[in-house]
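**Q** Next input, structure requested:
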Amino acid sequence: MVTQEQRRRQLAREKFLRQQQRRTEARRKTRLRTSVIASVLGVVLVGSVVSYAAGAFKNEDEKANAGSQASPSAAATSKAPDPCQKPAAGKVKSLSWKKEPTMTIDTSAKYTMRLATTCGEIGVALKTAAAPHTVNSFNFLAGQGFFDHTKCHRLTTNGIYVLQCGDPKGVGNGGPGYTIPDENLKDKSLKGNVYPAGTVAMANTGQKHTGGSQFFLVYQDSQLPPNYTPFGTIDAAGMKVLKKIATAGESTGAGDGAPNATVVINKASVTKS
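**A** Coordinates of the predicted model:
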């Protein structure tokens, strides 16, 4: 026979479980909202774990754009000519790993990443000592040909000014199968919550330590919280390439969509200098 005290405890447990279920569902919905990389891409996940899109960008775009007018490229209604070449022959490799690669780089050495794109070459001086896990991951992925023939799938031209690449699927929901920790979030270049032009940083879901293979290249100072690992600096020639891509605009006319330019990474390489 159930005593009054036992019944009271049973009811309390049931109430607690209902509260936990509601909280879990609320957190799930919040994660889905924050995983949106752009309004044109929707909610994306990588495999069964996380999305490697810059999930918080959409919210940051809205904040930055509040009360402001759209830039000329965002307001344009006609598509600009494609300034880039046709992609090299070949196809994206279907590769995935369960764990972050073993550290093989020399963290005291300098490394450079070269992105041979259809729009020109982009050179990136990597911040090895400050972001060793990130640089090691890119060294590994580039060596595996992971980035070769992949599209840069997102361009923002209003409020936040970045080109996003690194998704083997080319739509914003791809990754290498593993995640890497956030690093270098107190980099001296990040002043006043601004990622300066020339920065290369990791995209993520808006949650901690959810970086994978997707990254973004900043072609104009962009207001963003320091939540995205800055791991490289673009060279002068690469900045000219980015400006050319940005001038061609993006597909939606709203300032956030696929670039009008055919931006494909024909070959990515990381070398020790």
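
**Q** For the residue nearest to the spatial centre of the chain, give its distance to Lys188.
**A** Taking Cα atoms, centre = their mean, the centroid of the chain lies closest to Ala203, which sits 2.3 Å from it. According to Cβ to Cβ, to the nearest Å, Ala203 and Lys188 sit 22 Å apart. Just so you know, the C-beta spots here come from the backbone N, C-alpha and C atoms, and that holds for glycine as well.

**Q** how about the closest residue to Val264 other than its chain neighbours, what does it touch?
**A** Nearest non-adjacent residue to Val264, counting by Cβ to Cβ, 6 or more residues apart in numbering: Pro87, 4.1 Å away. Counting by Cβ atoms under 8 Å, 6 or more residues apart in numbering, Pro87 makes contact with Thr118, His149, Thr262, Val264, Asn266.

**Q** From Asn184, how far off is Pro87?
**A** Counting by Cβ to Cβ, the gap from Pro87 to Asn184 is 32 Å.

**Q** Please apply the same query to Asp256.
**A** 26 Å.

**Q** same check, this time on Ser96
**A** Ser96 is 26 Å from Asn184, by Cβ to Cβ.

**Q** The two: who's more crowded?
**A** Taking other Cβ atoms under 10 Å, Ser96 and Asn184 do not tie; Asn184 has more neighbours (22 against 13).

**Q** Can you check the pLDDT for the more buried one?
**A** Note on Asn184: pLDDT of 98.

**Q** Let the chain start at 274 from now.
**A** With 274 as the first residue, the last one maps to Asn457.

**Q** Surely it and Thr401 touch.
**A** No. With contact defined as Cβ atoms under 8 Å, Asn457 does not count as touching Thr401 (10.6 Å).

**Q** so Ala398 bridges to which residues?
**A** Thr385, Thr506 (DSSP bridges).

**Q** likewise Ser542?
**A** Once the bridges are assigned, which here means DSSP bridges, Ser542 pairs with Arg387.

**Q** neighbours around it, how many?
**A** A count of neighbours around Ser542, defined by other Cβ under 10 Å, yields 15.

**Q** any idea how far Thr390 is from Val537?
**A** 6 Å.

**Q** ditto for Lys372
**A** Lys372 is 29 Å from Thr390, by Cβ to Cβ.

**Q** If you rank every helix and strand of the protein by mean pLDDT, what lands last?
**A** Of all helical and strand segments in the chain, the minimum by mean pLDDT, DSSP states H and E falls on helix 345-348, at a mean of 42.

**Q** quick one, helices of the stretch 374-523 of the chain?
**A** 405-416, 509-520 (DSSP state H, counting those that start in this stretch).

**Q** could you dump the contacts of Pro360 to a markdown table with neighbour count and pLDDT?
**A** As requested, the contacts of Pro360 are arranged in a markdown table below (neighbours: other Cβ atoms under 10 Å; pLDDT from 0 to 100):
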| residue | neighbour count | pLDDT |
| --- | --- | --- |
| Thr391 | 21 | 98 |
| His422 | 19 | 98 |
| Thr535 | 18 | 97 |
| Val537 | 23 | 98 |
| Asn539 | 18 | 98 |
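
**Q** Which ones among those map onto strands?
**A** Mapping the contacts of Pro360 onto strands (DSSP state E) picks out Val537, Asn539.
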